[in-house]
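Student: what follows is a protein structure lacking sequence information:
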């Protein structure tokens, strides 16, 4: 898949502090998660992509266009939902979204039509004529999403979209993000410090720590790999016969405690074959888990280790910190 | 993204030309201002001096109406540069209230809830943002300052005969230049203060302070230090002197108290003072009008 966002030795300095330190990587997922603890540089990276901050060194390319040289053209293709409040309090929701769509270049009539559609899409259809200042926090978040998508961008940048939302509103927001992602017409980049949000929506994740890339990995591939990694709990302490049979299928097998097995399935093996073998050896399978929380593992590993040092100039262009 | 389908769809239709985006801001700015009935009523009220001016010009030029009303307007009532200067001053004072009322709201609303970042994340530069806001204000203020005065000028030219127009064409130029000077200065000060304090009421109050309190300070400075340069802090006086020169009015006639309150500041200093204020406002706007503030440290 072609890279949507390319970071090349990107360095951003604000005041006297280096906030982003030589980021190099290529983001090509349909939905990319930007993870990291508070202050790790997530929002700064988004702001740099939008051209709000000028990099000290390096460059960012979006859809192959350099942010510094083709900013205006790029901004027309980007929808941005900021983390903080961003609205005009005494304007009705639909008028505000129409206004923003018109600034993005939509003709007045089209902007009006798409503003209404965006409001219905995010589930605020009934509240679209109310003034934005009267909206609840969850409604304001949805209105921000509506203004980010109304002009039909190719890339949507969502900065902490579930901030301050109750569980129900959070689920609704994540469902919308998944819906947008699944249309295949747009790339979504979500910045968050919530692992579940990223895991629910994203197929690629960039983890930042202290302004450097701590990990850049493809979650989809991780998930595929994990689907072949089983943890079994059985009723026998030494199931040697069962283990030998499983190995005979070509799977890797190991015990990690009495009655507990880890199995890596080979490509052509289906689960029913395992059940069949268990029945043959009178083994009861009491619990079977796929390995889960892969992102949490990745995140914890990334946070435990030192952030990847900036690559030497010879390696510029390759993703650093990938697992 | 049809309503009934409720799915996301990218937009593939035609886009408006890039250069015209700032007009969207001007259009919406206008719309927001005139949502208030009081503001609309006051804008209409601002045109009353023009109606009075029209009636006056008609009276001066029509001996028949003078005879009908039993009045005689001799050479004491002349429609000349001094008359147009006073007429324009009346219009600009009405417009000052309009600016102080409307302008801060146009920008401070964008800063109050951080929506400025949404503007600037779109294909719109900071200059275009400012141009959009300023052009809306300039259009509104033009309609209440130099345009009505210019209409009165042409009515006068029509009533007085063709010779008058060619002899006094410089007045038309003075009306336009003076009017635009007032407008640009008021707009820049109002917008710069709004961006600086980001609170509508405070920006309005500061605007009154700049035009009414600062001159008092300048006057006190002039008295205490026995200098004439304190007058430069009086923007209204400075503008009046510059306009007076454009309208070919002797500057001594425009000096408050007939010059007893201090000497006249050279005209170049008045121009320099106006220029300095404009540059300062632009500097403030450039410094404060940003999508993101950078913390120093």
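Tutor: Now that the structure is in, tell me what you want to look at. All values reported here derive from a predicted model rather than from experimental measurement.
Student: would you map the helices across the stretch 1-150 of chain B?
Tutor: B:21-33, B:37-45, B:48-61, B:63-69, B:81-112, B:116-120, B:126-144, B:146-160 (DSSP state H, counting those that start in this stretch).
Student: quick one, grab the pLDDT at residue A:179.
Tutor: The score at residue A:179 is 90. That number is its pLDDT.
Student: quick one: contacts for it?
Tutor: B:7, B:8 (Cβ atoms under 8 Å, 6 or more residues apart in numbering or on different chains). For the C-beta atoms, the positions are set from N, CA and C on the backbone; glycine is no exception.
Student: wait, a helix at residue B:238?
Tutor: Yes. Counting by DSSP: H, G, I helix; E, B strand; the rest coil, residue B:238 is found in a helix.
Student: remind me which helix or strand the nearest residue to it once chain neighbours are set aside belongs to.
Tutor: Leaving out its chain neighbours, the residue that sits closest to residue B:238 by Cβ to Cβ, 6 or more residues apart in numbering or on different chains is residue B:270, at 4.7 Å. Per DSSP states H and E: residue B:270 is located in helix B:267-288.
Student: tell me the angle that helix makes with helix B:126-144.
Tutor: When axes from the mean of the first three to the mean of the last three Cα atoms, to 10 degrees is applied, the directions of helix B:267-288 and helix B:126-144 differ by 130 degrees.
Student: mean confidence for helix B:267-288?
Tutor: On average, helix B:267-288 scores 93.
Student: buried stuff in it?
Tutor: B:269, B:270, B:273, B:274, B:277, B:278, B:281, B:284, B:285, B:288 (16 or more other Cβ atoms under 10 Å in any protein chain shown).
Student: so which residue of chain A comes closest to chain B?
Tutor: residue A:152 (2.8 Å; Cβ to the nearest Cβ).
Student: most centrally placed residue in chain B?
Tutor: residue B:183 (2.2 Å; Cα atoms, centre = their mean).
Student: what's the neighbour count on whichever residue of chain B sits closest to chain A?
Tutor: Closest to chain A within chain B is residue B:11: 2.8 Å, counting by Cβ to the nearest Cβ. Using other Cβ atoms under 10 Å in any protein chain shown, residue B:11 has 21 neighbouring residues.
Student: give me phi/psi at it?
Tutor: phi -90, psi 130 (degrees, to the nearest 10).
Student: check residue A:253 too.
Tutor: phi -140, psi 140.
Student: check contacts around it.
Tutor: Residue A:253 neighbours (Cβ under 8 Å, 6+ apart): A:243, A:246, A:247, A:261, A:262, A:263, A:264.
Student: the fourth one belongs to a helix?
Tutor: The reference is to residue A:261. No. With three-state DSSP as the criterion, residue A:261 is assigned strand and is not in a helix.
Student: got the buried residues for the host helix or strand of residue A:157?
Tutor: Here residue A:157 is covered by strand A:155-159, with elements defined by DSSP H and E. Judged by neighbour count using 16+ other Cβ under 10 Å, the buried positions of strand A:155-159 are A:155, A:156, A:157, A:158, A:159.
Student: ok, stretch A:130-141 next?
Tutor: For stretch A:130-141, by 16+ other Cβ under 10 Å, it's A:131, A:132, A:135, A:138, A:139, A:140, A:141.
Student: near chain A, which residues of the stretch 101-250 of chain B show up?
Tutor: Residues of the stretch 101-250 of chain B lying close to chain A (Cβ under 8 Å from any Cβ of the partner chain) are B:109-110, B:112-115, B:117-125.
Student: so which two of the residues you listed are the farthest from each other?
Tutor: B:112 and B:123 (23.9 Å; Cβ to Cβ).
Student: residue A:286 contacts residue A:236, correct?
Tutor: No. In this structure, residue A:286 is not within contact of residue A:236 by Cβ atoms under 8 Å, at 10.4 Å.
Student: the more surrounded of the two?
Tutor: When neighbours are counted by other Cβ under 10 Å, residue A:286 and residue A:236 differ, and residue A:236 comes out ahead with 16 against 10.
Student: so which strand or helix has the residue nearest to the more buried one when sequence neighbours are not counted?
Tutor: Computed as Cβ to Cβ, 6+ apart, the closest residue to residue A:236 that is not its neighbour in sequence is residue A:283, at 5.7 Å. Using DSSP H and E, residue A:283 sits within no helix or strand.
Student: residue A:245 now?
Tutor: helix A:240-248.
Student: done for today, thanks.
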